[in-house]
Structure formats: C-alpha cells, structure tokens
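Chemist: any chance you can model this:
(2 chains)
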Amino acid sequence: DVKVTQSSRYLVKRTGEKVFLECVQDMDHENMFWYRQDPGLGLRLIYFSYDVKMKEKGDIPEGYSVSREKKERFSLILESASTNQTSMYLCASSFSAHGAAWHFGPGTRLTVT
Amino acid sequence: AQRVTQPEKLLSVFKGAPVELKCNYSYSGSPELFWYVQYSRQRLQLLLRHISRESIKGFTADLNKGETSFHLKKPFAQEEDSAMYYCALGTSGTYKYIFGTGTRLKVLA
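Modeler: Sure thing, here's the model as predicted:
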C-alpha cells in the first residue's frame, strides 16, 4: 500500500518565519504535488514536480517555493509566512501514467499568527 | 479553459434515499475523470475513476461527454457515506489534475 507521509499534522508559526513542510512517498512515484485546501475553494495546486530537481508552478505559487532533491521527498517552503497562508496543506504523489490514481498524505494544518 | 464545477457545496439526504453528486467539466479533449472522497479526519482517497467503470461502496459514475458531466450516484445512502467529495479532471499532456471545489454530503438518520 502506498504511503505518503507529511512531517507534521499541525504547525503554528509566526508571521515572517520561514516554514518547511516535508512530504515523503515510498512507492517510487515520479510525480509529486503540493496543494492547499480551503473551505469553499477546494484544492488549489501550488507546485508540482515530475522528476528529481524538476518543478513547475501550479495555480497559486506566490509566496511558496519547493525542493525535490530526492525522488521520494518533496518539500514546500514558505519563505516568509503570512497570515493568508494559514491553511491545510496536502501532498500527493502518482505515477506518470494517465489515469493513475493519486495518493494523498494526511495533511498539515498550518496556522500563521 | 479547463474547469470542474461542483454546483452544490452541501447536500443533505436521509439514510436510504438516493444520492447524486453533480460534476460538470469543461475540456475540449478526451478527459480522465475521478471522484475522490475525504471522510472525517482521514486523508483524501480515490473513490472511483471513469476508465475503470467500477462500482465502489455502491457508488457509480458515468461519463456523459455530450453533457460534459460525471455525476456520482448511489441508490441508497448510508450514514457512513457522509464525507467531502471532490471531482477531478485529468487532461492529456499533463499529469496534474484539476479539482472541483467539493461537495459535502451529509446523510441523516
């Protein structure tokens, strides 16, 4: 069974702090994704990566960056956290095949005060 | 532009009643469509995909290209079906999917 894990379930940070969210998958998936999930807005793609060191911007990349140094690990970085980045962050991974199922992590609820 | 629309934010039905969660998409090519479900305090997980033409937990969904819809149906709702449901669209040439805004299903006893 595919396992996608995220480094924290809950995080509380102060405005201006640099925040790291980590995601690890154990199924050798090529693709990894970071989403934020907000009520009424659904899932919005922040960044995705289709290979090591490769990344592409999603729909809302502003204020975020990512790193993928190893295939199994995809990190989301908030360079200077702001209150409007308070949200649930979901990581997902998949094979590079059309119709492939996505596997999600449990989510990290980030609160920026 | 590619888009997924789930018109209902909340759908409440009584146990044993039929359920239909609506999903409409906008895409000129050949779509891949999925339903994902998130139960309370659980992670988002795949419910079903149109290419499999399967029934999972009594749910089915048929792709209607003429109406550009992929509605999720179940003839008799159960309380354990209460969850958040997301419709997702995959398009050719990319492995990223577009999600709808979700519908919260509440099944009342």
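
Chemist: give the contact list for the nearest residue to residue A:70 once chain neighbours are set aside.
Modeler: Spatially, and ignoring its direct neighbours in sequence, residue A:70 is nearest to residue A:52 (6.6 Å; CB to CB, 6 or more residues apart in numbering or on different chains). In this view, the C-beta of every residue, glycine as well, is placed from N, C-alpha and C. For residue A:52, the contacting residues are A:68-71, taking CB atoms under 8 Å, 6 or more residues apart in numbering or on different chains as the criterion.

Chemist: please identify the buried residues of stretch B:21-29?
Modeler: B:21-25, B:27 (16 or more other CB atoms under 10 Å in any protein chain shown).

Chemist: same check on stretch B:93-101?
Modeler: So, applying 16+ other CB under 10 Å, buried residues of stretch B:93-101: B:95-101.

Chemist: get me the contact residues on chain A for chain B.
Modeler: A:4, A:31, A:33, A:35, A:40-43, A:45, A:48, A:50, A:58, A:90, A:92, A:94, A:96, A:98-102, A:104-107 (CB under 8 Å from any CB of the partner chain).

Chemist: just the buried residues from those residues, in ChimeraX please.
Modeler: The command below creates a ChimeraX selection of those among these that count as buried (16+ other CB under 10 Å):
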select /A:4,31,33,35,42,43,45,48,50,58,90,92,94,100,101,102,104,105,106,107
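
Chemist: by mean pLDDT, flag the weakest helix or strand of chain B.
Modeler: strand B:97-99 (a mean of 89; mean pLDDT, DSSP states H and E).

Chemist: sheet-wise, list the partners of the helix or strand following that strand with their directions.
Modeler: Using DSSP states H and E, the helix or strand that follows strand B:97-99 in sequence is strand B:103-108. Within its sheet, and counting by DSSP bridges, strand B:103-108 is paired with strand B:10-14 (parallel), strand B:83-90 (antiparallel).

Chemist: let me have the buried residues of stretch B:21-29 in a markdown table, extended by distance to chain A and pLDDT.
Modeler: Output for these, formatted as a markdown table (distance: CB to the nearest CB, whole Å; pLDDT from 0 to 100):
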| residue | distance to chain A | pLDDT |
| --- | --- | --- |
| B:21 | 14 | 98 |
| B:22 | 14 | 98 |
| B:23 | 12 | 98 |
| B:24 | 14 | 97 |
| B:25 | 14 | 96 |
| B:27 | 13 | 91 |
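
Chemist: quick one, phi/psi of whichever residue of chain B sits closest to chain A?
Modeler: At 3.7 Å from chain A, residue B:101 is the closest residue in chain B, using CB to the nearest CB. Residue B:101 adopts backbone torsions of phi -80, psi -10, taken as degrees, to the nearest 10.

Chemist: any idea how far residue B:79 is from it?
Modeler: Counting by CB to CB, to the nearest Å, the gap from residue B:101 to residue B:79 is 24 Å.

Chemist: also residue B:46?
Modeler: Taken as CB to CB, the span from residue B:46 to residue B:79 is 22 Å.

Chemist: just want to know which of the two has more residues nearby.
Modeler: residue B:46 (17 against 11; other CB atoms under 10 Å in any protein chain shown).
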